[in-house]
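Visitor: sequence plus predicted model, see below.
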Amino acid sequence: MNASVAIQVLPETNDEKELIRIVDEVIDYIKSTGYNYYVGPFETTIEGDSYDELMDIVKECQKVAVNAGCNSVSAYIKVVYKPEGEVLSIDKKVTKHHI
């Protein structure tokens, strides 16, 4: 695995229930991609072997949020990419903290 992306999607809405509903739709989309992912309290991390496909997922997350009903969406994104090697996996980063 040579890429890892963390995305925090922030839909523009004044209603907390609506915000959660829209973020849940984005997370459902991420789940549907088949990539390994981890949902945290502030962001969702996705990992895989195709940097371009992960970037397409990041792009689509914005569209999913808007299609779910918000007028605009902001996103904070972190990317680790190592084209000729391996990045640290989600499991190596967090599993020891959840046992």
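Guide: Looks like it came in fine.
Visitor: make it CA atoms for all contacts and neighbour counts henceforth
Guide: Will do.
Visitor: quick check: I20 vs S50, distance?
Guide: Distance of I20 to S50, computed by Cα to Cα, to the nearest Å: 29 Å.
Visitor: SS state for the nearest residue to A68 once chain neighbours are set aside?
Guide: Nearest non-adjacent residue to A68, counting by Cα to Cα, 6 or more residues apart in numbering: I22, 5.8 Å away. With DSSP: H, G, I helix; E, B strand; the rest coil as the basis, the three-state label of I22 is helix.
Visitor: wait, what's in contact with I22?
Guide: The neighbourhood of I22, defined by Cα atoms under 8 Å, 6 or more residues apart in numbering, consists of P11, A65, A68, G69, C70.
Visitor: out of these, which are buried?
Guide: Buried residues within the contacts of I22, defined by neighbour count using 16 or more other Cα atoms under 10 Å: P11, A65, A68, C70.
Visitor: one step back: where does the residue nearest to A68 land on pLDDT?
Guide: You'll see I22 listed with a pLDDT of 98.
Visitor: ok now the helix or strand of the chain with the lowest mean pLDDT, how far from the chain's centre?
Guide: Lowest mean confidence among the helices and strands of the chain (mean pLDDT, DSSP states H and E): helix 90-94, at a mean of 94. The chain centroid and the centroid of helix 90-94 are separated by 15 Å, computed with Cα atoms, centre = their mean, to the nearest Å.
Visitor: ranges for the helices of the protein?
Guide: Defined through DSSP state H, the helices belonging to the chain, from first to last, are 16-32, 51-67, 90-94.
Visitor: of all the ones you listed, which one is nearest Y38?
Guide: Each of those has some distance to Y38 by Cα to Cα; the shortest is helix 90-94, at 7.2 Å.
Visitor: if anything else comes up later, I'll come back, but that's it for now.
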